[in-house]
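**Q** My questions concern the predicted model and sequence given below.
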Amino acid sequence: MNRRELIKAFAASASLTVAGRVWAAPATDARMLVVFLRGAYDAANVIAPVGSEFYYAARPTLAVARPDAGNPNAALALDAEWGLHPSLRDSIYPLWAKREIAFVPFVGCTDDLSRSHFETQDTIELGQSVGGGRDYRSGFMSRLAHELARVKPIAFTDQLPLIFRGQAQVPNTSIASVSKPGVDDRQAQLIKGMYTQGSLANSVSEGFRVRDDVYKSVSEEMAAANRGAVSPHGFELSARRIGHLMREQFNLGFVDVGGWDTHVAQGAATGYLANRLGELGRGLAGFAEEIGPAMWRDTVVVVISEFGRTFRENGNRGTDHGHGSVYWVMGGGINGGRMAGEQVKVAEATLFQNRDLPVLTDYKAFFGGLIQRVYGLQQASIDRIFPGIKPKDLNLV
């Protein structure tokens, strides 16, 4: 072995210390799981800008209350400007206290303004510049796997996702979707039968008709936006299985979770979004527990979505397709307990096109900087994964 090879081998076996945290060397058993929230989750209510007066003016029925120890429905304080949704109190908030999670606000696609689930999901999974033409045979996690000699990738999906298409040979396995309607058709008929002879018969019948029409309209769009992704409840039930498989066999994984297209009756501290968040948070906490304390130190979980949602609530007490989002980065070796990346005061004047959170950190630059840290990749490798992109190092590991 010559001197250059010796230095390279030493670097691969060393540890990185960042802001007082120790991260095991890239060439050891580092693991990464990307969790894609399909349907565009409402980041502004999950990591809420509680220091913004405009947030409360823009969301009169949807805003989560400012942190208040005496109010179980209030946001959980992250810092003076940001609060975490209360449904994540027992699952994600403890990770914040242990500095094992960081949030990256104002992140997303700088070159995709379509606000289309399908267009933007494709954009992110491909990791290619929008203006340069798309190669649907090459997803960015496939390119990453191709650069890593010892990686064992897997997709926890029904079909191989776009993000893993390419040169690398990637297996996929389905995790069961679990869902159950609150009132099925048989129960609805029984309820209507109870009121057949009464003055409320027409109201009850019309109520179920409107419910069915709204559900059909909303669920068709949501089902399309989900692209077959597992439900949050299904993810909660299956996350430990994912943790087990990534502990024993695989070290680069992808899973998508649907159910985030909240145009109608989204809810604030409670309701539809809160229930989905609770399931997601418990699933992520279960994954961390299953993978084990030792391996958790060398694991990075990244939670993303195709875009955020409109900052102002709509007339249906929901939110529509937006732009800027918030990513989560979790792991035992994460330099967490902080809001990372470029930020701006949340106010009407700083909205993108007077409707959405802006994008200040491009997702390709974010991932480029993160994987460069996690795997110790040279710039030439980053260029092959994200051509023409300068990595943005947010000191996350």
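**A** On my side now, so go ahead.

**Q** Can you verify my assumption that residue 391 contacts residue 365?
**A** Yes: Residue 391 lies in contact with residue 365 (C-beta atoms under 8 Å); the separation is 6.1 Å. Every residue, glycine included, has its C-beta placed from N, CA and C.

**Q** For this protein, which helix or strand comes out least confident on mean pLDDT?
**A** One helix or strand of the chain scores below all others by mean pLDDT, DSSP states H and E: helix 3-13, with a mean of 39.

**Q** quick one: contacts for residue 353?
**A** Residues in contact with residue 353, defined by C-beta atoms under 8 Å, 6 or more residues apart in numbering, are residue 323.

**Q** Please report how far it lies from residue 113.
**A** Residue 353 sits 8 Å away from residue 113, taking C-beta to C-beta, to the nearest Å as the criterion.

**Q** Give the residues shared as contacts by these two.
**A** When C-beta under 8 Å, 6+ apart defines a contact, the residues bordering residue 353 and residue 113 alike are residue 323.

**Q** Run through the neighbouring helices and strands of the host helix or strand of residue 253.
**A** Counting by DSSP states H and E, the secondary-structure element that holds residue 253 is strand 252-257. Contact here means 3 or more C-beta pairs under 8 Å, 6 or more residues apart in numbering; DSSP states H and E; on that basis strand 252-257 packs against strand 31-37, helix 140-147, strand 153-155, helix 232-248.

**Q** could I get the ones you listed as a markdown table with distance to residue 100?
**A** What follows is the helices and strands packed on strand 252-257, written out as a markdown table (distance: least, C-beta to C-beta, whole Å):
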| stretch | distance to residue 100 |
| --- | --- |
| strand 31-37 | 14 |
| helix 140-147 | 23 |
| strand 153-155 | 23 |
| helix 232-248 | 15 |
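
**Q** Looking at those, which is nearest to residue 299?
**A** Of all those, it is strand 31-37 that lies closest to residue 299, at 4.4 Å by C-beta to C-beta.

**Q** Could you list every helix and strand in contact with that closest one?
**A** Using 3+ C-beta pairs under 8 Å, 6+ apart as the contact criterion, the elements in contact with strand 31-37 are helix 117-126, helix 232-248, strand 252-257, helix 272-291, strand 299-305.

**Q** mind giving me a markdown table with those and columns for mean neighbour count?
**A** As requested, the helices and strands packed on strand 31-37 are arranged in a markdown table below (neighbours: other C-beta atoms under 10 Å):
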| stretch | mean neighbour count |
| --- | --- |
| helix 117-126 | 21 |
| helix 232-248 | 21 |
| strand 252-257 | 24 |
| helix 272-291 | 22 |
| strand 299-305 | 24 |
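
**Q** Out of the ones you listed, the one nearest residue 165 is which?
**A** Closest approach to residue 165 among those is made by helix 117-126 (8.5 Å; C-beta to C-beta).

**Q** Convert the C-alpha atoms of that closest one to CSV, please.
**A** Taking only C-alpha atoms (Å, rounded to 0.1, in the frame of the first residue of the first chain), the coordinates of helix 117-126 have been written out as CSV:
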residue,chain,number,x,y,z
HIS,A,117,-48.2,16.4,-7.7
PHE,A,118,-47.0,14.3,-10.7
GLU,A,119,-44.6,16.8,-12.3
THR,A,120,-42.9,17.7,-9.0
GLN,A,121,-42.8,14.2,-7.6
ASP,A,122,-41.0,13.2,-10.9
THR,A,123,-38.7,16.2,-10.7
ILE,A,124,-37.6,15.3,-7.2
GLU,A,125,-37.2,11.6,-7.8
LEU,A,126,-35.2,12.1,-10.9
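
**Q** now the angle from that helix to strand 299-305?
**A** Here the directions of helix 117-126 and strand 299-305 differ by 150 degrees (axes from the mean of the first three to the mean of the last three C-alpha atoms, to 10 degrees).

**Q** just how off-centre is helix 117-126 within its chain?
**A** Relative to its chain's centre, helix 117-126 lies at 14 Å (C-alpha atoms, centre = their mean, to the nearest Å).

**Q** Name the residues that touch it?
**A** Under the criterion C-beta under 8 Å, 6+ apart, external residues in contact with helix 117-126 comprise 36, 38-40, 109, 111-112, 114, 130, 134-136, 138-141, 161-163, 224-225, 227, 261, 304, 306-307, 321, 363.

**Q** Kindly supply the ChimeraX command isolating those of those residues that are buried.
**A** Here is the ChimeraX selection string for the buried members of those, based on 16 or more other C-beta atoms under 10 Å:
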select :36,38,39,40,109,112,130,138,139,140,141,161,162,163,225,227,261,304,306,307,321,363
